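Q: This is a predicted model, with the sequence first.
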Amino acid sequence: MSAFESLWFAGNFFVGESKLAMVTTRQLTTLALTRVTPGIGGSVQEYLWQYQGQQFPVVYEILGQGAPVLLLPAFSTVSTRSEMRGLAERLASQFQVVALDWLGFGQSARPALDYQPELYRRLLQDFVRATFARPLAVVAAGHAAGYVMQLALSQSAAWSQIVLVAPTWRGPLPTMGANPQLAGTVRQVVRSPLLGQALYYLNTRPSFLSLMYRRHVYVNAARVSAEFVEGKYQITQQPGARFAPAAFVTGALDPVNDRSQFLAWFQSLSIPVMVVIGEQSPPKSKAEMELLAEVPGVEIRRLPGSLGLHEENAADVADIIQPFLKEH
């Protein structure tokens with residue numbers, strides 16, 4: 001393996017196991033394996049999605065009454081609709097909130113598919129068409145932003161309002177400078193039966209998850225408790241859990257190939273769009289978000305937080321998007 005692969009796999013793992021890590025497996029066992037309740041506290045539903053001649057269960061959840069608002073979690077190794085719980089609880093007093101687990105993540109099916117952007121474009125399009133009878137508001141975090149914008153362009157009647165929280169369009173390895181060939185090699189290695197399982201195991205250790213949350217996802221390290229990390233760790237340990245995250249990390253789920261494509265999606269939309277930027281986001285990601293402030297018609301709001309802004313500071317996010325949703 002190359003030095004770059006070692007950085008992501010072995011290197012990051014050993015850093016995670018060093019004294020920098022704040023949570024160890026031994027600490028977690030002393031918690032009597034406290035379980036974090038999945039979901040947003042609503043009614044759990046299942047959408048049976050037809051794709052490539054197969055049927056896959058996709059889990060979503062409904063909370064509250066009123067005009068519908070779709071919540072889409074960010075893509076990540078620990079992606080789940082549960083990260084939208086704080087937002088859902090606050091919005092449910094005025095809206096009917098629907099939170100989705102993407103295929104390959106959360107409690108949805110995790111088949112060993114070749115995960116590509118077209119899969120998620122079709123899933124979102126089919127789910128919205130099958131579930132909602134009229135245009136609805138959507139709140140999307142991270143990489144989900146690109147798929148929301150694509151649907152807005154191809155079907156302008158899908159959304160009534162768009163809120164993007166810490167939007168991204170480039171996966172972790174490409175952001176770090178990996179070329180497509182290297183990223184593809186990493187992806188195939190992770191998909192392999194034995195070595196892939198071992199590497200995925202190393203990079204989902206609680207200590208590594210804790211380190212990554214403290215560095216890139218949360219600002220308040222005190223909130224990355226042992227119980228919190230245990231809940232995230234559980235998400236990574238489901239059968240088939242490595243396939244979709246490997247695609248995300250290596251850039252295979254990037255909705256566009258370059259910045260200009262991403263920015264072009266915002267140029268001529270007639271749908272109201274708000275972008276919420278985390279002020280402590282990693283520099284490269286934040287720089288991409290700030291470029292959206294130059295696009296006419298895009299409402300920009302900035303809040304303390306990083307890539308996990310929608311989860312860590314859900315109350316603050318809800319406070320600024322509720323008036324936006326009501327106004328439009």
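A: It's in.
Q: Could you pull out the helices in the stretch 151-300 of the chain for me?
A: Taking DSSP state H, counting those that start in this stretch to define them, one finds helices in the stretch 151-300 of the chain at 172-175, 180-191, 195-202, 206-212, 226-236, 243-249, 259-264, 283-291.
Q: out of the ones you listed, nearest to residue 102?
A: Residue 102 lies closest, by Cβ to Cβ, to one member of the helices of the stretch 151-300 of the chain: helix 243-249, at 7.4 Å. Heads up, the C-betas are built off the backbone N, CA and C, glycines and all.
Q: which residues are in contact with that closest one?
A: Contact with helix 243-249 is made by 8, 75-77, 79, 102-105, 110-113, 115-116, 143, 171-173, 186-187, 190-191, 196, 200, 236, 252-253, as judged by Cβ atoms under 8 Å, 6 or more residues apart in numbering.
Q: Find the residue closest to residue 63 in space, skipping its chain neighbours.
A: Nearest in space to residue 63, with sequence neighbours left out and distances taken as Cβ to Cβ, 6 or more residues apart in numbering, is residue 42 at 3.1 Å.
Q: For the one you found, give me its contacts.
A: 61-64, 88, 92, 97, 99.
Q: Name the nearest of the residues you listed relative to residue 264.
A: Lowest distance from residue 264 to these (Cβ to Cβ) belongs to residue 99, with 29.0 Å.
Q: so residue 70 sits in a helix?
A: No - using DSSP: H, G, I helix; E, B strand; the rest coil, the assignment for residue 70 is strand, not a helix.
Q: Tell me what it is bridged to.
A: Applying DSSP bridges to residue 70 gives these bridge partners: residue 98, residue 138.
Q: pretty sure it is touching residue 141, no?
A: No - contact between residue 70 and residue 141 fails when scored by Cβ atoms under 8 Å: they sit 11.8 Å apart.
Q: Name the residue in those two with the higher neighbour count.
A: residue 141 (29 against 25; other Cβ atoms under 10 Å).
Q: quick one, what contacts the residue lying closest to the more buried one once chain neighbours are set aside?
A: Of all residues beyond its chain neighbours, the one nearest residue 141 is residue 74 (4.0 Å), with distances taken as Cβ to Cβ, 6+ apart. Residue 74 makes contact with 83, 141-144, 166, 168, 307-308, 310 under the criterion Cβ under 8 Å, 6+ apart.
Q: again, 7 Å this time
A: 141-144 (Cβ atoms under 7 Å, 6 or more residues apart in numbering).
Q: From residue 172, how far out is it?
A: 12 Å (Cβ to Cβ, to the nearest Å).
Q: ok, which stretches of the protein are strands?
A: 43-51, 54-63, 67-72, 95-100, 136-141, 159-165, 273-278, 298-303 (DSSP state E).
Q: Residue 212: which of those strands is closest?
A: The nearest among the strands of the chain, by Cβ to Cβ, is strand 273-278 at 15.4 Å.
Q: and the closest one, which strands flank it?
A: Paired strands of strand 273-278, with direction, are strand 159-165 (parallel), strand 298-303 (parallel) (DSSP bridges).
Q: Contacts for the shortest one, please.
A: In other words, strand 298-303. Strand 298-303 has contacts (Cβ under 7 Å, 6+ apart) with 266, 273-279, 292-293, 309, 313, 316-317, 320.
Q: How far does that strand sit from its chain's centre?
A: How far strand 298-303 lies from its chain's middle: 19 Å, per Cα atoms, centre = their mean, to the nearest Å.
Q: Counting neighbours, which bits of it end up buried?
A: Within strand 298-303, the residues that count as buried by 16 or more other Cβ atoms under 10 Å are 298, 302-303.
Q: So residue 125 sits against residue 153, correct?
A: No - Residue 125 is beyond contact range of residue 153, at 11.6 Å (criterion: Cβ atoms under 7 Å).
Q: can you give me the end-to-end distance of stretch 264-282?
A: Stretch 264-282 has an end-to-end distance of 23 Å (criterion: Cα to Cα, to the nearest Å).
Q: what about the residue lying closest to residue 46 once chain neighbours are set aside, distance to residue 164?
A: Excluding the flanking residues, the one nearest residue 46 by Cβ to Cβ, 6+ apart is residue 57, at 5.0 Å. According to Cβ to Cβ, residue 57 and residue 164 sit 27 Å apart.
Q: More neighbours: which of those two?
A: residue 164 (27 against 13).
Q: didn't residue 64 look like it was pressed against residue 99?
A: No - applying Cβ under 7 Å, one finds residue 64 not in contact with residue 99, separated by 10.9 Å.
Q: The two: which is more packed in?
A: residue 99 (29 against 20).
Q: The residue lying closest to the more buried one once chain neighbours are set aside: how many residues sit nearby?
A: Distances taken as Cβ to Cβ, 6+ apart place residue 81 nearest to residue 99, at 3.9 Å, with adjacent residues excluded. Residue 81 is flanked by 27 other residues according to other Cβ under 10 Å.
Q: which among the contacts of residue 74 gets closest to residue 217?
A: residue 142 (10.0 Å).
Q: ok, and the closest non-adjacent residue to that closest one?
A: residue 74 (2.8 Å).
Q: how far away is the one you found from residue 60?
A: For residue 74, the distance to residue 60 - Cβ to Cβ - is 16 Å.
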